[in-house]
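# sequence first, then the predicted structure, then my questions.
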Amino acid sequence: MIPCDLHVHPDYSFDAYSSIEDYCKKARQIGLRVIGFTPHYDTNPNRNEIDPFMNVDGEKVRIDDYAIGRYFDDCFEARKEFPDLNILIGLEVDYFRGVEAEVMRLKSEFPFDYFIGSIHCLDDIAISSKKEAPDYFNSHSLEQMANSYFGLLYDLANCGLFDVIGHADYYWRFGILYYGEEIFEIYKSRLEKVAKAAVRTNTGFEINTAQNRYGNDDFHPRLDFLKCAVEYGVKINAIGSDSHRDDYLGCNINMVLKLLAKHAIPFKVFYETC
């Protein structure tokens, strides 16, 4: 049995390939009890021609309330069709300074179960993209990147609008190729401020197992980063595969949970703390 997967991209995300129904069928097959859907919600106006899109009925459309409404309709229908599953309706919001007003509006307009806030871009360049990442990393020093990323991470934690911070050390996914292993040290002088903000606003950190799919033993955040965050009082309140297709649903979640237990890292999902 897999207790939960709380970071799942259905095909409403324009870079995902499996429907909500596909994922629910797969959840039954693998013994997944709780599935949390989190389509991308990327609305940075400086990336207006790149990011703010969703798939609706097989067509790529601009993100709007109609698209979100259709997403809710599918989730509600899945709850009827799969009563044995606990289906949570979430959203992964790409964090940029200024997105707060839109998140507050979404909270008031729709009955979301939770929001993940994640950093994908620095200086409006997607460091999460293999294609775009070189443009950023080749033009910024490690110190510049670290200060920029952790400044955004602080603002994300401090705004108090998100239940979960997604893949908090995502900077090393491609950054390792440009800065080397020194990139794994940058959190040490910067994490405390972020962690204290997260504690103050009751914002948790996610464990994201996506890296394990690529033959990497690490996950986000890495174990040393995670231990440090917990020492500062951060709660670990979500775990997810970051699946963009149903083949990856639940991937390595039980393995990581065993690792947390081995290192005595407390873990309690957000929906059990209410």
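Received, thanks. Residues are numbered from 1 along each chain as shown.

# what packs against the longest strand that the chain contains?
Counting by DSSP state E, the longest strand found in the chain is strand 86-94. Counting contacts by 3 or more CB pairs under 8 Å, 6 or more residues apart in numbering; DSSP states H and E, the secondary-structure elements packed against strand 86-94 are strand 2-8, strand 32-37, strand 40-41, helix 65-81, strand 114-118. C-beta coordinates here come from the backbone N, C-alpha and C atoms, glycine included.

# any idea how far residue 14 is from the most centrally placed residue in the chain?
Geometric centre of the chain, nearest residue: residue 166, 3.4 Å, by CA atoms, centre = their mean. If you measure residue 166 against residue 14 using CB to CB, to the nearest Å, the figure is 18 Å.

# any idea what the closest residue to residue 60 other than its chain neighbours is bridged to?
Nearest residue to residue 60 in three dimensions, chain neighbours excluded: residue 53, at 5.2 Å (CB to CB, 6 or more residues apart in numbering). Per DSSP bridges, residues listed as beta-bridge partners of residue 53: residue 62.

# quick one: strands adjacent to the longest strand of the chain?
Sheet partners assigned to strand 86-94 using DSSP bridges are listed as strand 32-37 (parallel), strand 40-41 (parallel), strand 114-118 (parallel).

# grab the nearest non-local neighbour of the residue nearest to the centre of the chain.
The nearest residue in space to residue 166 (CB to CB, 6+ apart) is residue 118, at 3.5 Å.

# equivalent analysis for residue 149, please.
Spatial nearest neighbour of residue 149, chain neighbours left out: residue 171 (4.9 Å); criterion: CB to CB, 6+ apart.

# check which residues of stretch 127-138 are buried.
By neighbour count, and taking 16 or more other CB atoms under 10 Å as the criterion, the buried residues in stretch 127-138 are 127-129, 132-133, 136-137.

# repeat for stretch 225-237
Applying a neighbour-count criterion of 16+ other CB under 10 Å, one finds 225-226, 228-230, 234-237 buried in stretch 225-237.

# export these to JSON lines and tack on pLDDT?
Shown next, in JSON lines, are the buried residues of stretch 225-237 (pLDDT from 0 to 100):
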{"residue": "225", "pLDDT": "98"}
{"residue": "226", "pLDDT": "97"}
{"residue": "228", "pLDDT": "98"}
{"residue": "229", "pLDDT": "98"}
{"residue": "230", "pLDDT": "98"}
{"residue": "234", "pLDDT": "98"}
{"residue": "235", "pLDDT": "98"}
{"residue": "236", "pLDDT": "98"}
{"residue": "237", "pLDDT": "98"}
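
# closest one of those to residue 107?
Distances from those to residue 107 were compared by CB to CB; the smallest belongs to residue 237, at 17.9 Å.

# isn't there a strand covering that closest one?
Yes: residue state for residue 237 (DSSP: H, G, I helix; E, B strand; the rest coil) corresponds to a strand.

# who's in contact with the longest strand of the chain?
With contact meaning CB atoms under 8 Å, 6 or more residues apart in numbering, strand 86-94 is reached by 6-7, 9, 24, 33-44, 51, 71-72, 75, 78-79, 99, 103, 106, 111-121, 162, 166, 271.

# stretch 38-45 too?
With CB under 8 Å, 6+ apart as the test, stretch 38-45 has contacts from 6-10, 12-16, 51-52, 54, 63, 71, 90-94, 96, 99, 102, 106, 116, 120-121, 124, 240.

# no further questions, thank you.
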